[in-house]
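S.K.: Let's see this in three dimensions:
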Amino acid sequence: MRLWPLTLACWSWLFLSNLASAQAIEPVQDVHIIVMRMVAARQNDREHIRPFTVTRDYQLFDQELQQKARVIASIVVVPPDQKKYEIQSGEGGRAEKILRNILARETQPSKNSSQQELSPENYEFQLLGLDGLSGRLSYKLAIRPRRQEEQLIRGHVWVDVGTYRIHRIEGQLAKNPSWWLRDLHILVDFAEVEGMWLRTFMHAIATVRFKGKYVVESRDLECHSAVDAFSLRSNPVLPSYGIEKHR
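M.R.: Got it, this is the predicted structure:
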């Protein structure tokens, strides 16, 4: 039993080494270089986002993980910041209104988006090491907000060693958005869809005063390309692209 931690460490090192070899890369040790390349990759991805439609599944669970509400919506995104949505189905009574409010807020135009970016202007970064995620080798960085604002997250970010794209962001909001909520923890996954780097999964858990813990998840089910986005209703048999589930 005493050898177990050493054995686990050896396997972890071997796993990460194999990932690095498979990706034919030499990891960088300077966190400033990593962050600079990450910011450049995010800017490049934004410039290559095309209009698209995504079908997104929202679910609300109580602290016993019993489903309380569910909403499935079709969201049309037109860069740089235009969004509109249509709810395809919903269930859950009063709890459903919470998901509808989340959807409405997500599709509102961003205000001061530059103040929410993962950048040195908004965050301090610390390199914690390498980690394997979704079959890719990533830099795991600690992120600390420079301001106490609800749009910023205190936690961790996983940055691909080869592409410098962000695979995951996880942590707590620097400031609770409401008196009713506390200990709000968020996990967001990203993946490539139709040549675009998009958010595909979100998991949030919070304690609601006088109510207990609740979990909200949103998962992308389908994504349609630019042509499909504007002809979706008139041609329902257009091809769609499944999104892998992330957990």
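
S.K.: beta partners of the residue most central in space within the chain?
M.R.: Residue closest to the mean C-alpha point of the chain, counted by Cα atoms, centre = their mean, is V188 at 2.4 Å. As for beta bridges, V188 partners with I169, M202 under DSSP bridges.

S.K.: Distance of Q126 relative to R146?
M.R.: Counting by Cβ to Cβ, to the nearest Å, the gap from Q126 to R146 is 13 Å. All C-beta atoms are positioned from the backbone trio N, CA, C, and that covers glycine.

S.K.: just L99 next, same as before
M.R.: Per Cβ to Cβ, L99 is found 32 Å from R146.

S.K.: Of these two, give the one with the bigger neighbour count.
M.R.: More neighbours surround L99 than the other of L99 and R146, with 24 against 12 (other Cβ atoms under 10 Å).

S.K.: Give me the buried positions along the helix or strand harbouring that one.
M.R.: Per DSSP states H and E: L99 is located in helix 94-106. Buried residues in helix 94-106, counted by 16 or more other Cβ atoms under 10 Å: 95-96, 98-100, 102-103, 106.

S.K.: Tell me the one of these nearest Q88?
M.R.: L103 (11.4 Å; Cβ to Cβ).

S.K.: from what I can see that closest one touches R70, true?
M.R.: No: L103 is not in contact with R70 according to Cβ atoms under 8 Å; the separation is 11.9 Å.

S.K.: Quickly list what's touching both of these two.
M.R.: Common contact partners of L103 and R70 (Cβ atoms under 8 Å, 6 or more residues apart in numbering): Y58.
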